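Trainee: Sequence and predicted structure are below.
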Amino acid sequence: MQLRLEPRAMPSKWLRYSSPLIALALTLVFGVILFSALGQNPAVALYTFFIRPIGTLYGLSELCIKAAPLLLCAVGLAIGFRGNVWNIGAEGQLTMGAICGGGLALAFYGDEGPWLLPLMIVGGGLGGMAWGAIPAFLKTRFNANEILTSLMLTYVAIQVLGYLVHGPWRDPEGFNFPETRLFGEDALLPVLIEGTRFHFGVVLAVLAAMIGWVFVTRTFAGFQIKVVGQAMAAANYAGYSGNRVVWTGFLIGGGLAGLAGLGEVAGPMGQLNPTISPGYGFAAIIVAFLGRLHPAGVLLASLLMALMYLGGESLQMNLNLPLAITGVFQGTLLFFVLASDVFIRFRVKLVHNVPRTAP
Amino acid sequence: MHSNKHFKGLVAAMFVVALAAVGGAPAAKAAEQLKIGFVYVSPVGDAGWTFQHDISRKDLEKALGAKVKTSFVESVPEGADAERVIREFAASGHKLVFTTSFGYMNPTIKVAKRFPGVTFEHATGYKHAKNVGTYLARFYEGRYLTGIVAGKMTKSNKIGYVAAFPIPEVVRGINAFTMGLRSVNPKAQVNVVWVSSWYDPGKEREAAETLIAQGADVVTQHTDSTAPVQAAEDKGVYAIGYHSDMSKYGKKAHLTAATHYWGGHYIAAAKAVMAGTWKSQGIWGGIKEGMIKLAPYGPAVPADVRALADAKGKEIASGKLHPFQGPVKDQSGKVRIPAGQTMSDKDMLGFKWYVEGVIGELPK
């Protein structure tokens, strides 16, 4: 006897769209149990996690800032994933974008103008694209597994960053500490809401999601990616090039991740240091799937993911709960979201004594 | 996509939860209580940099009781997130905020500008403002003493040193250790392996094993995990911990550890803020101020070695002895600090060269 997952012929449309709500309800139930067991008032704890961090304009702006790099990376990744292009290296592409864009800020330090920021944005995007082009080339030319190459290049990018900020790009007045000088005014993304850190990079991220939406639903290239991803044989028959999809996936994914990196260093950080991203490139993989590889879904998923980071901090700060507990709660939320998705698209079937047939 | 409708539903659901919560929120505490926030760079764990800050935080709570209320956030990355956490502390009524890692320097300064009524204390940095002070410990004093212990205990005269990044702080520690080592054993030498990480148990262990394989019979570290001590225990050599007493992880191997303790400073700073006498300053405390201590000696350390290290510690505290007391030679044998002089704080803060007795080249 065994359990088997069988695809449902006709997943309920109603269930499909309400699955995030089912997941949220299950998470709330779990939260009540978890926080009660810890001796906390569950209502206070849930409020502290979900509402308190975004209860003010500043909190909302922080949510957007936190979601922006996730959104940029995840939109790019989702486009690739639709075509079975497994770019796992957004973290490295993000880092390379930050290095290239931030490097321009340092190179023109003290002799800058309004032209510098656009140049940095282009530089950041191209830096990420260039880093994404390497696994694309290795895949299309040598059929090297892009999961491995893109992942390994992430560590290369982080080492390059480490070398630069510990070495030649170190702040000359910084007592040899590993960080660059603070960028000049012209090298910073403008803050759009006074009194917050809500910067122009958030607008770029939303624009990227909108363009991504049009790209996947309304363009021929987006359609080709979908066909290659879902039915390679059909794609071949139609004469669609798999290699072209690999290049498209990696260049878009790398470029957007590079923009995300630029948005961090030219936005809230204002300098380069050894830890530009706390793993946005990896978290974006979860975000992409949570958003069902659709740019609109990814937008919501990135906001949810950002709220989980903020909520975790809020629980620690206000209720003195340890980080591990907030991690458990965050993990549970993701678990329920993904699990309800599975059960809506598949049904569990008990299979009795399957007769073994000879191969 | 139709999820937008459901997103609204989601927000509504959250709102209900919120309303329920407001009814159950605890009443506000007395106004005089000083709320203090701590920003930690790693999990508290049970040994290491953040662990030391956390035991000091607990001692602060114990010492001042109901007059203070502390809270902390762990594992705050040194990127864009730090500013949010620091600001959130300031905005939620914390009048004193300790930011306990170097990478929080610029975010602390930025937030401090917006919150002139809040006092900030940043560990290990160099930027000050009217409401931002800094604090640092003279780790090198403890290093010097552990060097003495290592020099007395080594048979192979080879010491392994697992280090994170070649910044002055770490170089100063290596040099102070070597000065102490060679003050009792001029033949002993120090081999350094850089792991390019503050906390990476896997790499730290590999580095320690490499050093042991090259003949080191005492291993010490300037990294955060207990892996080097555990590697030494497994290979049957000695280890000297750092940050915390790591004897739990090397019952036989652990000789002692150079530890730091911030409780005294935290209590003093909290009292000063409450009394309105707090002033921005750069504090650099050592053995004398109780910021640097040796962990209890392991069973392998004989009484005469303990007595010697203790005596030297007293001399450092009284100012009679300075770890970088001339003559101090660099690797080429050139005298950098002539006899009769000691190194200035400024020179120590910018250490860019190895003293004699360290093998290998300092990465640039």
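Mentor: Perfect, thanks for sending it.
Trainee: got the domain boundaries for chain A?
Mentor: If you go by automatic domain parsing, the domain ranges for chain A are A:1-40+A:321-359, A:58-317.
Trainee: would a markdown table of these with mean pLDDT and mean neighbour count be doable?
Mentor: Just so you know, the C-beta spots here come from the backbone N, C-alpha and C atoms, and that holds for glycine as well. As requested, these are exported to a markdown table (pLDDT from 0 to 100; neighbours: other Cβ atoms under 10 Å in any protein chain shown):
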| stretch | mean pLDDT | mean neighbour count |
| --- | --- | --- |
| domain A:1-40+A:321-359 | 82 | 14 |
| domain A:58-317 | 94 | 22 |
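Trainee: Just put the ones you listed in TSV and tack on distance to chain B.
Mentor: Listed next are the domains of chain A as TSV, based on distance: least, Cβ to the nearest Cβ, whole Å:
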stretch	distance to chain B
domain A:1-40+A:321-359	4
domain A:58-317	4
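Trainee: between those domains, which one is nearest to B:F139?
Mentor: Between B:F139 and the domains of chain A, the shortest gap by Cβ to Cβ is with domain A:58-317, which sits at 15.5 Å.
Trainee: Any idea which residue of the stretch 51-200 of chain A lies closest to chain B?
Mentor: A:I51 (4.4 Å; Cβ to the nearest Cβ).
Trainee: that older thread, let's have the domains of chain A in TSV, adding distance to B:F165.
Mentor: Below are the domains of chain A laid out as TSV (distance: least, Cβ to Cβ, whole Å):
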stretch	distance to B:F165
domain A:1-40+A:321-359	24
domain A:58-317	6
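Trainee: ok, now how distant is the residue in the stretch 1-150 of chain A that chain B sits nearest to from A:N41?
Mentor: Chain B sits closest to A:Y47 of the stretch 1-150 of chain A, with a gap of 3.1 Å, by Cβ to the nearest Cβ. Counting by Cβ to Cβ, to the nearest Å, the gap from A:Y47 to A:N41 is 9 Å.
Trainee: can you give me the helices in the stretch 151-300 of chain B?
Mentor: B:168-184, B:201-213, B:227-235, B:263-275 (DSSP state H, counting those that start in this stretch).
Trainee: Give me the residues contacting the third one.
Mentor: Applying Cβ atoms under 8 Å, 6 or more residues apart in numbering or on different chains, the set of residues contacting helix B:227-235 from outside is B:162, B:201-202, B:204-205, B:207-209, B:212, B:218-221, B:238-239, B:241, B:246, B:249-254.
Trainee: those strands in chain A, which residues are they?
Mentor: A:2-7, A:346-351 (DSSP state E).
Trainee: Parallel or antiparallel, list what pairs with the last one.
Mentor: Strands that pair with strand A:346-351, judged by DSSP bridges, come out as strand A:2-7 (antiparallel).
Trainee: So what's the gap between the partner strand and the chain middle?
Mentor: 31 Å (Cα atoms, centre = their mean, to the nearest Å).
Trainee: Please give me every residue in contact with B:F89.
Mentor: A:M317, B:G37, B:V39, B:S71, B:V97.
Trainee: Pick the one among the residues you listed closest to A:T248.
Mentor: B:V39 (42.1 Å).
Trainee: can you give me the helices for chain A?
Mentor: Using DSSP state H, the helices found in chain A span residues A:13-37, A:42-50, A:57-82, A:90-107, A:116-142, A:146-166, A:200-218, A:220-230, A:232-238, A:242-264, A:280-290, A:295-319, A:323-345.
Trainee: closest one to B:I148 among those?
Mentor: helix A:146-166 (30.8 Å).
Trainee: For A:L188, grab phi and psi.
Mentor: phi -110, psi 140 (degrees, to the nearest 10).
Trainee: on that earlier part again, include distance to B:G298 when you put the helices of chain A into JSON lines, please.
Mentor: Shown next, in JSON lines, are those (distance: least, Cβ to Cβ, whole Å):
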{"stretch": "helix A:13-37", "distance to B:G298": "40"}
{"stretch": "helix A:42-50", "distance to B:G298": "44"}
{"stretch": "helix A:57-82", "distance to B:G298": "46"}
{"stretch": "helix A:90-107", "distance to B:G298": "42"}
{"stretch": "helix A:116-142", "distance to B:G298": "48"}
{"stretch": "helix A:146-166", "distance to B:G298": "34"}
{"stretch": "helix A:200-218", "distance to B:G298": "53"}
{"stretch": "helix A:220-230", "distance to B:G298": "60"}
{"stretch": "helix A:232-238", "distance to B:G298": "64"}
{"stretch": "helix A:242-264", "distance to B:G298": "45"}
{"stretch": "helix A:280-290", "distance to B:G298": "41"}
{"stretch": "helix A:295-319", "distance to B:G298": "35"}
{"stretch": "helix A:323-345", "distance to B:G298": "31"}
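Trainee: To B:Y140, which of the ones you listed lies closest?
Mentor: The nearest among those, by Cβ to Cβ, is helix A:146-166 at 20.9 Å.
Trainee: Among the domains of chain A, which comes closest to B:G333?
Mentor: Closest among those, once you apply Cβ to Cβ, is domain A:58-317, at 24.3 Å.
Trainee: any weak-confidence spans in the stretch 1-150 of chain B?
Mentor: B:1-31 (pLDDT under 70).
Trainee: all strands for it, in order.
Mentor: Taking DSSP state E, counting those that start in this stretch, the strands of the stretch 1-150 of chain B run over residues B:34-39, B:68-73, B:96-99, B:119-123, B:132-137.
Trainee: any chance of the helices of the stretch 151-300 of chain B in JSON lines, plus mean pLDDT and mean neighbour count?
Mentor: Formatted as JSON lines, these follow (pLDDT from 0 to 100; neighbours: other Cβ under 10 Å):
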{"stretch": "helix B:168-184", "mean pLDDT": "96", "mean neighbour count": "24"}
{"stretch": "helix B:201-213", "mean pLDDT": "96", "mean neighbour count": "20"}
{"stretch": "helix B:227-235", "mean pLDDT": "97", "mean neighbour count": "24"}
{"stretch": "helix B:263-275", "mean pLDDT": "96", "mean neighbour count": "18"}
